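Participant: Please work out how this folds:
(2 chains)
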Protein chains: 2
Amino acid sequence: MKKLFYVFAVFTLSINFVLGQNAPEDKKWEEQFKSIPDPVNLRAYMERLTARPHHLGSAYDKDNAEWILAQFKAWGLDAEIEKFEVLFPSPKERLVEMIEPVQFTAKLKEPKVAEDPTSSQFDEQLPTYNAYSADGDVTGELVFVNYGIPADYDYLERRGISVKGKIVIAKYGGSWRGIKPKVAAEHGAIGCLIYSDPQGDGYFQGDEYPGGPWRTADGVQRGSVMDMPLYPGDPLTPGVGATKNAKRLKREDVEVFTKIPVLPLSHADAQPLLAALAGPVAPHKWSGNLPMTYHLGPGPTKVRLKVAANWEMKTIYNVIAKIPGSEFPDEWIIRGNHHDAWVNGAADPISGLVALMEEARGLSELLKQGWKPKRTLIYCAWDAEEQGLIGSTEWVETHAAELKQKAALYINTDASLRGYIDFGGSHTLEKFINAVAKDIEDPETGLTVWKRRQLLEIAEAQGAKQLGELRQKPELKIAALGSGSDYTAFLDHLGIASLNLGYFGEGGYGVYHSIYDSFHWYTNFGDPDFIYCKALAQTAGLAVMRFATADILPYDFTNFSSTISTYVDELKKLATDMREKISETNQQIEDGVFAAIADPKDYALAAPKREIVPPFFNFAPLENAVDALQRSANDYTEKLTAFRESGQAIPVDLNKKLLQNERKLTHEEGLPDRQWFKHHIYAPGFYTGYGVKTLPRVREAIEQKKWDTVDQQIEKTAAVINGFSDYIGSISQELEKGQE
Amino acid sequence: MKKLFYVFAVFTLSINFVLGQNAPEDKKWEEQFKSIPDPVNLRAYMERLTARPHHLGSAYDKDNAEWILAQFKAWGLDAEIEKFEVLFPSPKERLVEMIEPVQFTAKLKEPKVAEDPTSSQFDEQLPTYNAYSADGDVTGELVFVNYGIPADYDYLERRGISVKGKIVIAKYGGSWRGIKPKVAAEHGAIGCLIYSDPQGDGYFQGDEYPGGPWRTADGVQRGSVMDMPLYPGDPLTPGVGATKNAKRLKREDVEVFTKIPVLPLSHADAQPLLAALAGPVAPHKWSGNLPMTYHLGPGPTKVRLKVAANWEMKTIYNVIAKIPGSEFPDEWIIRGNHHDAWVNGAADPISGLVALMEEARGLSELLKQGWKPKRTLIYCAWDAEEQGLIGSTEWVETHAAELKQKAALYINTDASLRGYIDFGGSHTLEKFINAVAKDIEDPETGLTVWKRRQLLEIAEAQGAKQLGELRQKPELKIAALGSGSDYTAFLDHLGIASLNLGYFGEGGYGVYHSIYDSFHWYTNFGDPDFIYCKALAQTAGLAVMRFATADILPYDFTNFSSTISTYVDELKKLATDMREKISETNQQIEDGVFAAIADPKDYALAAPKREIVPPFFNFAPLENAVDALQRSANDYTEKLTAFRESGQAIPVDLNKKLLQNERKLTHEEGLPDRQWFKHHIYAPGFYTGYGVKTLPRVREAIEQKKWDTVDQQIEKTAAVINGFSDYIGSISQELEKGQE
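Facilitator: Sure, this is the predicted structure:
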């Protein structure tokens, strides 16, 4: 760490010099660009795009795509709609009925809110459901499973509760929703209900809509439960574009549908079912904020759950606009945000989309004024994100060969609100995006958005070490990306360096995937003045422009290498912690701790099972790989600095080689049991869904206790990192040669 | 620590040898004693004592005292009732009314529960109220103040909310209840409501009575709000016994009444008031589990609060039974539990009292069989504990001179349930009470109660260090005592080594100070089989017997000294942490952190105030004192061991000197601003009430930021500890002389 820190200090002083050498006229264009995005336009776009429900397959989804296309064209951009044919189940039958101990039928319906005009568009709204649930009609006793993640079932097992043949009810939260039915089915459940506890995004958080931004008693979170950690996109065409004549799986061969029927519930619908449960009282951490004692069951609550969908092929509409590069048309910078929504979707996704549109308009203005991006810019409005990142995934799969050759960067946005810049992405872009954030003004404070975020992180820091780093380091850490939006196929499948940007942290957001995520909601609670939509357009636009005009593409490998180093430290600690924990638990079982602390007047709580104490693993290959990576990264920075100082002409293929760098972090073999995911640094967790697992081969082998595979996963990961280091080394050599 | 640990290891091997040399026949008497307590009797006593409400001044309170006296006498003990005349306010008028924004009148009434026969004894029940509240009739806007402790007001101030001229509503919990009106009045509030949130002891914890042990929507916690951290006991007679002709303060000169009217509420009564509040949303940590968003106010909720009491002099009845010592009648072992309750009080206090009674019966049986305690045993059933530890305090104050001379030990019990032994007290008794607990069988597991508690602590341990200590150390740590039961006057006022014993941790207890703390409740949820009441009688009885028959009183100073050493470490850390925290906060104010993270669309949240960074303090006097104490303690143990090995006769005055040891931890001057509290190691917190503050002079000076007094408090505390060390040294010399 110390050595690396030295490197930071030396090289970041000259960051603008070393990374992305932009001429003074670039700065002028940037200022010009930043002055263009206009809240009046952003508001007008949103009002138009959210006027009616516009989910995949709806009339207004197509209408919106055509309107976006028309705008792009009106601004003089070369734009087209690219269609795919995808499988989309929409609700045919939905029933949740308590048949014991009392009769109750769930409403499964969000009522209108008088103040919110679009909330009453019942005819066009997609009902509350979870897309890609299995069809089924099941009846069984209910069991409350907390979040429904694997650890929750470990606890239930200790309580002597099996979900075999039962229907589970899980709270939203704790994992991506699709994990809940997956894990429930793995444990033998026959159905799965997922409800929004007021603790998560309801009255516990703040005032309910329309008095505040939070979820009402009848509010429901729709959402896909497709097993996206296996592969996202159209379920019938894994790995290839869902073009008209693509080879398709048969529906019965698809692995990403849930194995059991699933429906989401409001807490008004869930409360009677939960309140009727008996059995052990749930642990405090499992209880939400409904006014009752949470019990685990099973029963006496007995529930019938019936789900049937219209499984239909639908056309989806990606809108793609291109601005060809003046010097390097085969170096692509791609910018995307989806346009489809679960219902009216003002925050998700239109808040991000209107920023993207205003950005495109701004760039088109610059073009008219004579600005010339060296590289090709591709602006994309994706369809069918909500069902499984389908629009972007199919596009990436269709154009994979060309993208692998040409893509330098993908910048994603999605829902965005007010507050603090939120940046995640490839750590090779950490210095780059920090520099961008230092040039954007926060509309509420007048600070830069970077400074405001730094001050937030200082306010939330734990301990002197973290505070010291936050005050001294020239960059804020960016988050590693898991999944949950359209960067997934770019980053995880192809290895295209990606960024995900947004503004969050002020106000609240309790209308996610409900009919209340509306223009009325957004203009009252989201970003009423569209000042952060504007900041988002400025942020992403500046990033695009800098990548478009840089003489040498501004990747940096020192922050990347130090971040990887911390991941390796985390993994070593994880292995040690698990070894110690299992050892200690075994000791406690032997000492009779669990028998001694069980209350004989309460339901039995058995000791956990004895487990094999994991062996020590050979982390040396990873440690050596990180060491080599750090040397390679430092060497690149030194060579680049020397090269800059030499004033030499930029080698012809330098940027073509550079833009490939992230590809070297993938391996064609993919991750264990999910070949579609090729990236070896970042992946969504197999059992978290959205949550990222860095160095996923090793981390998941340890977390899933596949002890005999850990050393092998370390070697495979180390090999990928070594390949990356060699590749960077070869670029450094080229820079050195350039100077000779 | 290392050195001390060595000392542990050496000396504890011979603990039974060194501490309390008991002959084999003592062991036989102990076994005999343990066989006596009988759940049938315990249940019968409880049924009789809880049959009607028996609060201070009630007919059944006197009736119970007379019945207890009759039992003691029937068992052949020399017993009497000792009366005092004390001031007791009982409710005359109680009104809580919301007058804006809607009309609502609080019920202030606990309804009967059909299954619970005593819950309908409305005529004899003391209504829900807080004793020693000021009378008053106030109307004002309401402010929600969380627990109502000083830190909560710091937050409110940052929110721009003043409680001046307002009525506050606080949750029960976070401090002793009496702190809430005290702090509210300090901040200018004109009234105080205290309610039981379901999070604390209601449905969040588990099923409500009568389906479970937890508080119902209408359940109310009565309780005293006298400012006991100033002095407990009869408010009119601080420091002296409230005998008939005692000199009394005028009511208007009493400092321990609240300055503002106070009433407790059920959550059913509190919810409408809280739900009508507007203003900022309360921080998450402040929210309870009512089904609503918690707001801070002030208003629009406007409340009228009216309280008026009958301020009357009442007679209280302590029942005192004596068993004279056969060899050392002037060495006293006192055992107490109160008999008065807020209403029927099955758990609090009768569960502990029936154990005490059965213990007294057991000892009287042994006496008949020929057992002879060397020392005098005094069994006490205190009255008027609930209002302010009045019975015990007045008795202690009345007999102070004699107690200072003679008292070797006070053992207290109070409410007790099922589960794990809970021991607190003077750390000079840590080895002693651990040894007792190793000889008592846990009725549910067959382990010793010591072993079961050790296994619980292992299960709850944080980290390897704590686990290692728990597994290796021969004793479990006992808790330092704050206040909240009848040991207070013995320990804190006179410096009599004290223990507080009970069993807790299984089931739940949500009927505290309500009409539902009844025989029906206890026999369903408390300890239905009276097996832990029996264990408690065995535990306290064994402790009494061992102290009564020991040849050398079994105090130990090594555990005491190592515990004091950890307190000094805590204080040094506290000072460092506060210095760093204030420094960091000042830095963040300067850096503009708080301005940057305030949401301009939310209610203003100001930066905290800049504070003076505390200086470094001179802990050397305390460190030197602890060092001397450790040497002195080790020396005593060595000398005692050598003395034992020498087979010498015990010096005549040894035990008389030994029993004085705890007195040397007091100083006549008392604590700052509360002279009644003389102990310099243990005290209830001035702003926590029940919660202990160890080394209180220093700890409270630091916590209350009285920086310029800290060094002086360190010196005064060090002087007391040095006096104690010298005293132990003088006893060691005597032991050495004995061998010469």
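Participant: so which residue of the stretch 601-740 of chain A comes closest to chain B?
Facilitator: Using C-beta to the nearest C-beta, the point where the stretch 601-740 of chain A gets nearest to chain B is residue A:601, with a distance of 6.7 Å. No exception for glycine: its C-beta is placed from N, CA and C like everyone else's.
Participant: got the contact list for that residue?
Facilitator: The contact partners of residue A:601, by C-beta atoms under 8 Å, 6 or more residues apart in numbering or on different chains, come to B:418, B:506, B:507, B:528.
Participant: these two touch, right, residue A:281 and residue B:208?
Facilitator: No: in this structure, residue A:281 is not within contact of residue B:208 by C-beta atoms under 8 Å, at 11.5 Å.
Participant: any common contacting residues for the two?
Facilitator: Residues touching both residue A:281 and residue B:208 by C-beta under 8 Å, 6+ apart: residue A:293.
Participant: ok so, going back, could you dump the contacts of residue A:601 to TSV with neighbour count and secondary structure?
Facilitator: Putting the contacts of residue A:601 into TSV (neighbours: other C-beta atoms under 10 Å in any protein chain shown; DSSP: H, G, I helix; E, B strand; the rest coil) gives the following:
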residue	neighbour count	secondary structure
B:418	23	strand
B:506	19	strand
B:507	20	coil
B:528	14	coil
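Participant: so residue A:718 sits in a strand?
Facilitator: No: with DSSP: H, G, I helix; E, B strand; the rest coil as the criterion, residue A:718 is located in helix rather than a strand.
Participant: burial count for it?
Facilitator: For residue A:718, the number of neighbouring residues by other C-beta atoms under 10 Å in any protein chain shown comes to 24.
Participant: Am I right that residue A:596 is in a strand?
Facilitator: No: secondary structure assignment (three-state DSSP) places residue A:596 in helix, not in a strand.
Participant: which residue sits closest to it in space, ignoring its chain neighbours?
Facilitator: In space, residue A:596 comes closest to residue B:455 once its chain neighbours are excluded; the distance is 4.0 Å by C-beta to C-beta, 6 or more residues apart in numbering or on different chains.
Participant: before we move on, what about residue A:626?
Facilitator: For residue A:626, the spatially nearest residue (C-beta to C-beta, 6+ apart) is residue A:565, at 5.0 Å.
Participant: What strand or helix carries that neighbour?
Facilitator: Using DSSP states H and E, residue A:565 sits within helix A:558-591.
Participant: thought residue A:607 was touching residue A:158?
Facilitator: Yes: contact between residue A:607 and residue A:158 holds when scored by C-beta under 8 Å: they sit 7.3 Å apart.
Participant: For the stretch 351-500 of chain A, which segments count as strands?
Facilitator: Across the stretch 351-500 of chain A, reading from the start of the chain, the strands by DSSP state E, counting those that start in this stretch fall at A:375-382, A:407-413, A:418-425, A:498-506.
Participant: Figure out which of those is closest to residue A:150.
Facilitator: The stretch from these with the least distance to residue A:150 (C-beta to C-beta) is strand A:418-425; that distance is 25.1 Å.
Participant: Give me the helices and strands touching that closest one, please.
Facilitator: Counting contacts by 3 or more C-beta pairs under 8 Å, 6 or more residues apart in numbering or on different chains; DSSP states H and E, strand A:418-425 is packed against helix A:430-437, helix A:449-460, strand A:498-506, helix A:531-549.
Participant: Now with 7 Å, please.
Facilitator: Contacting strand A:418-425 under the criterion 3 or more C-beta pairs under 7 Å, 6 or more residues apart in numbering or on different chains; DSSP states H and E are the following elements: helix A:430-437, helix A:449-460, strand A:498-506.
Participant: and that strand with strand A:407-413, angle?
Facilitator: Calculated by axes from the mean of the first three to the mean of the last three C-alpha atoms, to 10 degrees, strand A:418-425 forms an angle of 150 degrees with strand A:407-413.
Participant: What is the distance between strand A:418-425 and the centre of its chain?
Facilitator: In terms of C-alpha atoms, centre = their mean, to the nearest Å, the centre of strand A:418-425 is set 13 Å apart from its chain centre.
Participant: Please see if stretch A:512-521 touches chain B.
Facilitator: No: with C-beta under 7 Å from any C-beta of the partner chain as the criterion, chain B is not reached by stretch A:512-521; the gap is at least 14.2 Å.
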